[in-house]
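A.B. asks: Fold the stuff below for me.
(4 chains)
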Number of protein chains: 2
Amino acid sequence: MRILLVEDDAALGPELKTSLGKHGYAVDLAVNGVDGEVMGKEDIYDLVILDLGLPDRSGLEVLRNWRAGKNNIPVLVLTARSAWQERVDGFDAGADDYLPKPFHTEELLARMTALLRRANQQITSQLEASGLTLDENTQSVIRDGAEVALTGTEYRLLRYMMHNPGRVLSKLQLVEHMYDDCAENDSNVVEAYIKMLRKKIGHEMISTKRGQGYVFGAAG
Amino acid sequence: MRILLVEDDAALGPELKTSLGKHGYAVDLAVNGVDGEVMGKEDIYDLVILDLGLPDRSGLEVLRNWRAGKNNIPVLVLTARSAWQERVDGFDAGADDYLPKPFHTEELLARMTALLRRANQQITSQLEASGLTLDENTQSVIRDGAEVALTGTEYRLLRYMMHNPGRVLSKLQLVEHMYDDCAENDSNVVEAYIKMLRKKIGHEMISTKRGQGYVFGAAG
DNA sequence: CCCTGAGTTAAGGCTGTCTTAAACATAAGA
DNA sequence: TCTTATGTTTAAGACAGCCTTAACTCAGGG
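C.D. replies: Got it, this is the predicted structure:
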């Protein structure tokens, strides 16, 4: 899952980036509204965390511009202002959720999970597909009742695929959602990790669409 | 929009029902968890507003039961408890949003709007013609309920033909839409792929117009 | 009956994918 | 700090499946 974090606070921004990174998110940080708005228009993010109190351009304005451009990426708004009118403004501008500062990281993570789940029409909080259950806490999967440990990169790849079951995902898409910033694409990391995942979760869980990409989902 | 409101508070329940009614929502009120759970299983509500502090059955339990039964109706949770751990529990149980009491009606309305907006964004990218359904995600066709896998070139050919059912499509047209660059025309690629498609989707789906081209569509 | 266009099939070549191993990075422990 | 273990990335050869072609057969129309 690749996240865009728009936050000008020099302390909070990097701190959040680090702690979200530990939970398996690839995070790109924008420290002002103009950069953030441009980055948010790229079609590679699964979620945006947007601070309203930006120095150059109001977060609300950024959000309105996105929505005016038919960009409907899920946006979670952060703000120090706690007046309820401000929250309503945020929703009017097209926010999907709202979290007043200060907040606990656990609550931010919970709201992020809920938003991502909702964006993919998931029902339960645990991500489940084709007999696999992804455990967000231990970064592992349950398969046939047994827990299978995953490494960080394996977890990021599998989670993205399980969020999009039955869809063809190109190698470019997968790379973009596994890593932040870096843009290179002349390697075969995806193929290598697909191989490892298949070994761990069963070869039949991921099918290859030659020339198109990979599809997560049993049978086919 | 029809809303299910599960709220035991004798004052707040009717009050909310009235004010939501003024905003154009049809609201059914359940005053306890058991009734609420049963009503929520009917497939008529667009959104549920669920109070956690119910006398007979915990709202969390109601929510878990719905989710266990594959009911994925959007649920907005209300609660008097403001501890952040409680919110995280709510999300884990499958809530889509969470609003601590006390709240302003405007904020509730704003969150309802955001939830409903997101719930209605179901994307169906399926093309149907003559009993075949083309699945753009998996690049396959459903025929008589069974999925038939297509290779890349087969898919491009069939997609173009299904986009133009009942029309005579010349071989030149077909080649041009199957390939990006090519200008050559001295091969029998089209005939070869028509053959493969007929084998996969049924001979009768594509009829030949001698000297003119092919027509997609059952019967003829 | 001839000619033209369509159907059928199989073989070769090519491109993308799989697999393996080794180099590299990182974190934990002595 | 050095060592060790674990995870990540790169590179290269093996492999498989798809694409394309070519040769032959078949059917329709004049």
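
A.B. asks: from chain A, which residue is nearest to DNA strand C?
C.D. replies: DNA strand C sits closest to A:T208 of chain A, with a gap of 3.7 Å, by CB to the nearest atom of the strand. All C-beta spots, glycine's among them, are computed from the backbone N, C-alpha and C.

A.B. asks: Chain A: helices as residue ranges?
C.D. replies: Applying DSSP state H to chain A gives helices spanning A:12-22, A:33-40, A:59-68, A:84-92, A:105-119, A:152-163, A:171-178, A:189-201.

A.B. asks: how close does the closest residue to A:L60 other than its chain neighbours get to A:N65?
C.D. replies: Spatially, and ignoring its direct neighbours in sequence, A:L60 is nearest to A:A93 (5.1 Å; CB to CB, 6 or more residues apart in numbering or on different chains). Counting by CB to CB, to the nearest Å, the separation of A:A93 from A:N65 is 10 Å.

A.B. asks: ditto for A:L12
C.D. replies: Counting by CB to CB - A:L12 and A:N65 are separated by 23 Å.

A.B. asks: what does chain A have sitting close to DNA strand D?
C.D. replies: By the rule CB under 7 Å from any atom of the strand, the part of chain A lying against DNA strand D is A:149, A:151-154, A:179, A:184, A:186-189, A:192-193, A:210-211.

A.B. asks: Of these, just the buried ones, ChimeraX syntax please.
C.D. replies: Buried subset of the residues of chain A next to DNA strand D, written as a ChimeraX selection, criterion 16 or more other CB atoms under 10 Å in any protein chain shown:
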select /A:153,154,189,193
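
A.B. asks: what's the farthest-apart pair in the residues of chain A next to DNA strand D?
C.D. replies: Greatest spatial distance among these (CB to CB): A:A149 and A:G211, at 32.5 Å.

A.B. asks: For chain A, which helix or strand comes out least confident on mean pLDDT?
C.D. replies: In chain A, no helix or strand scores lower on mean pLDDT, DSSP states H and E than helix A:84-92, which sits at a mean of 76.

A.B. asks: count of neighbours near the residue in chain A that chain B sits nearest to?
C.D. replies: Closest residue of chain A to chain B, CB to the nearest CB: A:F91 (3.6 Å). A:F91 has 21 neighbours, counted by other CB atoms under 10 Å in any protein chain shown.

A.B. asks: mind listing what it touches?
C.D. replies: A:Y98, B:E107, B:A110, B:R111, B:T113, B:A114 (CB atoms under 8 Å, 6 or more residues apart in numbering or on different chains).

A.B. asks: do that again at 10 Å, thanks
C.D. replies: Contact analysis of A:F91 by CB atoms under 10 Å, 6 or more residues apart in numbering or on different chains lists A:V77, A:D97, A:Y98, B:E106, B:E107, B:L109, B:A110, B:R111, B:M112, B:T113, B:A114, B:R117.

A.B. asks: now swap in A:D51 and tell me
C.D. replies: Contacts of A:D51 by CB under 10 Å, 6+ apart are A:5-9, A:12-13, A:16, A:30-31, A:33, A:36, A:59, A:62, A:77-80, A:101.

A.B. asks: at 6 Å what do you get?
C.D. replies: A:V6, A:E7, A:G59, A:L78 (CB atoms under 6 Å, 6 or more residues apart in numbering or on different chains).

A.B. asks: and the second one, what does it touch?
C.D. replies: Going by CB under 6 Å, 6+ apart, A:E7 touches A:G13, A:D51.

A.B. asks: what's the answer for the last one, then?
C.D. replies: The neighbourhood of A:L78, defined by CB under 6 Å, 6+ apart, consists of A:D51, A:L99.

A.B. asks: Now do A:R210, the pLDDT please.
C.D. replies: As predicted, A:R210 sits at a pLDDT of 90.

A.B. asks: A:I73 now?
C.D. replies: For A:I73, the predicted pLDDT is 91.

A.B. asks: From what I see, A:S140 and A:A149 are in contact.
C.D. replies: Yes - checked against CB atoms under 6 Å, the pair A:S140 and A:A149 is within contact range at 5.1 Å.
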